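Colleague: Sequence first, predicted model second:
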Amino acid sequence: MAIHSEAVGHGFRIFVNVKRLQEYRMSKKGKVLVAMSGGIDSTVTALLLHDEGYEVVGITMKTWDYAHSGGSKKETGCCNLDSFNDARKAAVEHGFPHYILDIREEFGDFVIHNFVEEYLAGRTPNPCILCNTHIKWRALLKRADALSCDYIATGHYARIRLHENGRYVISKGTDETKDQSYVLWGLQQDLLSRTLLPLGTYRKKEIREMARAYGYPELATKSESYEICFVPDNDYRGFLKRKVPGLEQKVAGGFFIDKQGNILGKHKGYPFYTIGQRKGLEIALGKPMYVTAIDPVNNTVTLGTEEDLEQNVMQVSGVNLIKYETIPEGIEAVTKIRYRDKGALSRLYPENEQIVNVHFAERVKSIAPGQSAVFYEGDDVIGGGIIRKGHLQV
């Protein structure tokens with residue numbers, strides 16, 4: 001059966017055998033729109049659901065045109081032609097339709113603008129989480145509704161279940177080395193209620209074996225990208241300079257200072273530094289020094305020792321709750337302050353519906369404003385938000 005799809009602005013065109021469409025309508029498990037990047041995880045996700053009896057529709061989202069960023073590296077990751085072709089190939093060979101959806105405008109206006117603004121505010125953003133929360137899932141749900149799909153699905157390593165309290169809960173994936181529950185904290189209940197995450201109960205090595213069994217050995221060995229999709233050369237400083245003409249000149253000449261305010265030397269501009277950074281400071285002070293604070297108003301970057309990075313209280317805003325409708329005062333949780341963080345024991349004290357104060361049992365290092373904090377109860381995500389500030393309470 002021949003299947004062809006093409007992107008048309010923000011919509012799509014698709015040509016598919018009518019008989020096959022009639023067969024799809026007979027699916028007993030429902031119809032699911034699967035986000036397919038062309039990589040191993042999303043491909044196996046689509047094929048697993050197809051084998052389980054779901055009526056599968058594949059969709060590949062183009063979020064970014066790297067040629068417009070002016071970077072020095074070839075386009076890689078989820079938004080290049082090879083990835084589109086890999087996703088469509090799997091769909092064609094297994095007899096389900098595939099769409100290509102152009103969301104570059106809505107992605108760029110929101111995610112990239114936020115990325116730039118956060119660095120200019122002296123914070124360190126996490127654009128992938130913002131994209132998941134505000135762009136990809138909403139775009140998927142919108143197209144799922146247009147196609148009369150019951151569910152949407154992705155290849156994330158996490159689990160979703162309906163809790164006894166009636167709320168949908170995200171839990172860690174079985175393979176903790178690949179767990180991606182941290183990046184999903186912003187998903188709201190209406191999204192979770194219609195999301196399938198079939199890889200959550202598998203380990204990565206099992207997914208590689210499945211890819212080979214399905215006849216895609218090249219996917220089993222395909223390298224994975226952990227870079228930001230619109231900064232595939234991993235040079236966020238260069239990206240900022242290209243997006244904000246004259247930025248280098250505007251922020252040059254600021255000072256490195258110590259925690260007492262003493263000037264230690266000149267830096268290249270506050271947006272080009274992040275909390276916890278040690279390498280690339282280009283200043284010799286006789287001992288290892290780290291970025292401990294960034295002041296965009298005065299264009300200063302505070303340096304200190306590793307011990308100066310330690311804090312035990314932080315404020316988190318823009319909170320989205322998942323497991324509970326409200327956070328019980330003083331509830332014990334393990335809080336992660338970055339994706340690869342193992343988490344630290346803490347207690348949560350809500351200030352209001354949007355702000356939570358986190359008190360750690362012991363000091364933690366490198367609390368970075370702009371990054372995400374995610375609260376766990378066992379394997380379950382209580383909720384999460386954006387770190388706004390941290391301090392040391394003795």
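Modeller: Received it, and whenever you're ready, just let me know what you need. Numbers count the residues shown, from 1 in each chain.
Colleague: Any stretches of the stretch 151-300 of the chain with poor pLDDT?
Modeller: 225-226 (pLDDT under 70).
Colleague: so how far is stretch 119-137 off the chain centroid?
Modeller: 8 Å (Cα atoms, centre = their mean, to the nearest Å).
Colleague: List the buried residues for it?
Modeller: 119-120, 122-137 (16 or more other Cβ atoms under 10 Å). Quick note: C-beta positions are derived from backbone N, CA and C, even for glycine.
Colleague: So what would you say the end-to-end distance of that stretch is?
Modeller: End-to-end distance of stretch 119-137: 25 Å, with Cα to Cα, to the nearest Å as the criterion.
Colleague: avg pLDDT for that stretch?
Modeller: Averaged over stretch 119-137, pLDDT sits at 91.
Colleague: Please give the element, helix or strand, for residue 219.
Modeller: Assigned by DSSP states H and E, residue 219 belongs to helix 217-220.
Colleague: after that helix comes which helix or strand?
Modeller: Note on helix 217-220: by DSSP H and E, the next helix or strand toward the C-terminus is helix 236-243.
Colleague: Alpha carbons of that following helix, as CSV, please.
Modeller: Only the C-alpha atoms of helix 236-243 are listed here, as CSV (Å, rounded to 0.1, in the frame of the first residue of the first chain):
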residue,chain,number,x,y,z
TYR,A,236,24.6,28.7,23.3
ARG,A,237,26.9,31.8,23.6
GLY,A,238,27.3,31.9,19.9
PHE,A,239,23.6,31.5,19.4
LEU,A,240,22.8,34.4,21.8
LYS,A,241,25.3,36.6,19.9
ARG,A,242,23.6,35.8,16.6
LYS,A,243,20.1,36.3,17.9
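Colleague: Near residue 54, how many other residues are there?
Modeller: 25 (other Cβ atoms under 10 Å).
Colleague: that older thread, so of the buried residues of stretch 119-137, which ones are in helices?
Modeller: Within these, residues falling in helices by DSSP state H are 119, 120, 127, 128, 129, 130, 131, 137.
Colleague: now, the most widely separated pair of those residues?
Modeller: Using Cβ to Cβ, these span at most 26.8 Å, a distance reached by 120 and 137.
Colleague: so where's the longest helix in the protein?
Modeller: Longest helix in the chain, counting by DSSP H: helix 81-94.
Colleague: What number of residues are in the vicinity of residue 37?
Modeller: 21.
Colleague: how near is it to residue 86?
Modeller: 9 Å (Cβ to Cβ, to the nearest Å).
Colleague: Ok, residue 202 next?
Modeller: For residue 202, the distance to residue 86 equals 20 Å [Cβ to Cβ].
Colleague: Would you indicate which residues of stretch 292-302 are buried?
Modeller: Buried positions in stretch 292-302, judged by neighbour count with 16+ other Cβ under 10 Å: 292, 293, 294, 296, 299, 300, 301, 302.
Colleague: what's the answer for stretch 185-194, then?
Modeller: Quick answer for stretch 185-194 (16+ other Cβ under 10 Å): 185, 186, 187, 191, 192, 194.
Colleague: who's in contact with it?
Modeller: By Cβ atoms under 8 Å, 6 or more residues apart in numbering, the list of residues contacting stretch 185-194 from outside reads 129-130, 132-134, 137-138, 141, 144, 150-152, 160, 167-170, 195, 320, 322, 372, 374, 381, 383-385.
Colleague: which parts of stretch 308-328 are buried?
Modeller: Buried, per 16+ other Cβ under 10 Å, within stretch 308-328: 308-317, 319, 321-324, 327.
Colleague: List just the nearest of those to residue 235.
Modeller: residue 309 (24.4 Å).
Colleague: Go ahead and confirm that closest one touches residue 288.
Modeller: No: if you go by Cβ atoms under 8 Å, residue 309 and residue 288 don't touch, sitting 11.2 Å apart.
Colleague: All the helices of this structure, residue numbers only.
Modeller: Under DSSP H, the chain gives helices at 18-24, 40-51, 81-94, 104-107, 113-120, 127-131, 137-146, 189-192, 204-213, 217-220, 236-243, 247-251.
Colleague: quick one, strands of the stretch 201-350 of the chain?
Modeller: 255-257, 263-266, 290-295, 300-304, 310-321, 331-336, 344-350 (DSSP state E, counting those that start in this stretch).
Colleague: Among those, which comes closest to residue 243?
Modeller: In terms of Cβ to Cβ, the element of the strands of the stretch 201-350 of the chain nearest to residue 243 is strand 290-295, at 18.9 Å.
Colleague: how far off helix 113-120 does the closest one point, in degrees?
Modeller: 100 degrees (axes from the mean of the first three to the mean of the last three Cα atoms, to 10 degrees).
Colleague: what's strand 290-295 packed up against?
Modeller: Using 3 or more Cβ pairs under 8 Å, 6 or more residues apart in numbering; DSSP states H and E, the elements in contact with strand 290-295 are strand 300-304.
Colleague: Can you list the strands that the strand it packs on pairs with?
Modeller: Paired with strand 300-304 in the same sheet, following DSSP bridges, are strand 255-257 (parallel), strand 290-295 (antiparallel).
Colleague: ok, and what's touching that strand?
Modeller: 254-259, 264, 267, 270, 273, 281, 283, 285, 289-295.
Colleague: now the end-to-end length of stretch 233-253.
Modeller: Terminal residues of stretch 233-253 are spaced 27 Å apart (Cα to Cα).
Colleague: ok, now stretch 91-101?
Modeller: 15 Å.
Colleague: Stretch 262-279 now?
Modeller: Terminal residues of stretch 262-279 are spaced 21 Å apart (Cα to Cα).
Colleague: what's the distance between the nearest residue to residue 309 once chain neighbours are set aside and residue 90?
Modeller: Closest residue in space to residue 309, ignoring its immediate chain neighbours: residue 365 at 4.5 Å, by Cβ to Cβ, 6 or more residues apart in numbering. Distance of residue 365 to residue 90, computed by Cβ to Cβ: 43 Å.
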